[in-house]
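**Q** Sharing a sequence plus its predicted fold:
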Amino acid sequence: MISLASRFLTALWRGPISRNLGGAIGVQLCVLVSGTLSARLLGPEGRGYIAILTAWPSAIGQLGAVGMSLAATYFLSAGRISGNGVIALLRRPAVIQITVLTLINAAIILGYTFISGAPILLAACLSLVQLPAVLCADYGIAFLLGARRHGTMGVTRMLSPGVLAAGMVVLYLLHKRSITITAALIAGAAVFAGAVTLAVGIRAVRPIQSRRSLVVDLGVAKARKELLAFGRKGYVGYLSPVDSFRIDQLVVGFLISPRALGIYVVGAAFTNFARMVAVNIGLSSTPEVAAHATALERHRAVQRTLILACGVLTLVTIGLGLFVIVAIPVLFGNAYRSSILVAEILFVSGWLLCMKRIAVDAMRGAGEARIGTRAEIVNLTLFLIACGPLGLLLGGPGVALALVFASAGGSLVLLRKLRELGVIGRSGPSAGGLSPRPQDA
């Protein structure tokens, strides 16, 4: 038992997970500061409006990303394209993507504001810059991961929450209870982080030379088509509409009330740390797995990642489950006491969604881009079936229970697929197991 624990800690310390835990802890501390102060300044209803203004850009950006940044990470880390090559291939589609998605976001946000009569028109206008800023940051992070610059990636992920936390401290000291000022602060933090992250990412990948150039082999047009096709293939599985879009929060906000959403997001805020740990581990696992030369080595790298992630996430989840019982009343006040139940329920679904996210990211590095697609279809279907009845019956906790039900169903589907591929339950890849990369053939 002691030997097993020692091996676990050694692998954790030496692997990419340890390089990302510090960043995840930093991000969560910043989110905790900004979330606590905004909740106290704005109250449940105001906090709910801010959640709506931030949830929609996140959902639309995730939906419209179609895996382009994910494909960039994979092709760079697998040595199939140079840094300048991937920038050249992505420049035009990225500009089109950002422009179209920003217009869609503007139509939805402003439409909601006018139809609902919510007193947040100026705040809604300010929030429109979040989406292009977040997409720029995503590309910058993808480039850093492709260059295997995990430490730099962790630092850049802290920029936006760090600036936001510092700004919220100032607003709290000045007693500024304005939704508009808070929205302006969120937008400014996103723009700063997006610009810096993209610039750092571009600088990191430019020196990268490929072992086998996709552009030279296929030409620019066909190379771009293959890169985009790889991103689209597994995007549904990566995307996790229920998790990435925060559909549960949108359901609470529209089906119940902004006040109920304000209560719900406080409980959900404590799940962000585990989610951030999972995102960092998953994003790092893609290039780490892809860098291995053979299918067997990639298979073993996936196994190690899943075992370590399971241990880390279990400890984090148990610790947070105990922490929120005291933390929510102390940090947010008695008005948010009902958030405790929401948080405890969401910890269960959060663990399942985090493990799913890591498995999908690691398997993408092994060339299995579509592995999570069926699981996510099941996940989304079950949630849409359950969220309405449970939400109307039990309010926010009901929506959280629907998320647990859906996450469990999707996880069972993914578990079965991993067994079929020989990632779990077997000693090595089966005949129908991990797909070889083109250069392995």
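**A** Arrived safely, thanks for sending. Numbers count the residues shown, from 1 in each chain.
**Q** Let me see the domain layout of the protein.
**A** The chain breaks down into these domains under automatic domain parsing: 31-233, 237-434.
**Q** Which one of those domains lies nearest to residue 25?
**A** domain 237-434 (7.5 Å; CB to CB). From N, CA and C alone the C-beta is placed, and that goes for glycine too.
**Q** Lowest average pLDDT across the domains of the chain?
**A** Within those, confidence is poorest for domain 237-434, with a mean of 79 (mean pLDDT).
**Q** Can you tell me which residue sits nearest the middle of the protein?
**A** Centroid-nearest residue in the chain: residue 279, 5.4 Å away (criterion: CA atoms, centre = their mean).
**Q** these two touch, right, it and residue 357?
**A** Yes: the criterion here is CB atoms under 8 Å, and residue 279 meets it with residue 357 at 6.8 Å.
**Q** So which residues of the stretch 201-350 of the chain form strands?
**A** Read by DSSP state E, counting those that start in this stretch, the stretch 201-350 of the chain holds no strands at all.
**Q** Look at residue 360 and give its secondary structure.
**A** helix (DSSP: H, G, I helix; E, B strand; the rest coil).
**Q** Pretty sure it sits against residue 373.
**A** No: using CB under 8 Å, residue 360 is not in contact with residue 373, being 9.1 Å away.
**Q** With neighbour numbers in mind, choose between those two.
**A** More neighbours surround residue 360 than the other of residue 360 and residue 373, with 26 against 20 (other CB atoms under 10 Å).
**Q** Could you dump the domains of the chain into JSON lines and include distance to residue 25?
**A** Putting these into JSON lines (distance: least, CB to CB, whole Å) gives the following:
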{"stretch": "domain 31-233", "distance to residue 25": "10"}
{"stretch": "domain 237-434", "distance to residue 25": "7"}
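**Q** And the closest residue to residue 172 other than its chain neighbours, how close does it get to residue 185?
**A** Excluding the flanking residues, the one nearest residue 172 by CB to CB, 6 or more residues apart in numbering is residue 37, at 4.5 Å. Going from residue 37 to residue 185 by CB to CB, to the nearest Å gives 11 Å.
**Q** Quick check: neighbours shared by those two?
**A** Here residue 37 and residue 185 share the contacting residues 168, 171, scored by CB atoms under 8 Å, 6 or more residues apart in numbering.
**Q** Helix, strand, or coil at residue 383?
**A** Per three-state DSSP, residue 383 ends up helix.
**Q** Can you name the residues that contact the closest residue to it other than its chain neighbours?
**A** Closest residue to residue 383 apart from its sequence neighbours, by CB to CB, 6+ apart: residue 406 at 3.6 Å. The contact partners of residue 406, taken as CB under 8 Å, 6+ apart, are 242, 349, 378-383, 386.
**Q** closest to residue 224 among the residues you listed?
**A** Closest approach between those and residue 224, by CB to CB: residue 380, at 29.4 Å.
**Q** Can you get me a residue count around the closest one?
**A** Neighbours of residue 380 (other CB under 10 Å): 19.
**Q** So it versus residue 124, what's the distance?
**A** For residue 380, the distance to residue 124 - CB to CB - is 27 Å.
**Q** that older thread, export the contacts of residue 406 to CSV and tack on distance to residue 330?
**A** CSV is the format used below for those (distance: CB to CB, whole Å):
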residue, distance to residue 330
242, 30
349, 25
378, 39
379, 34
380, 36
381, 39
382, 35
383, 32
386, 33
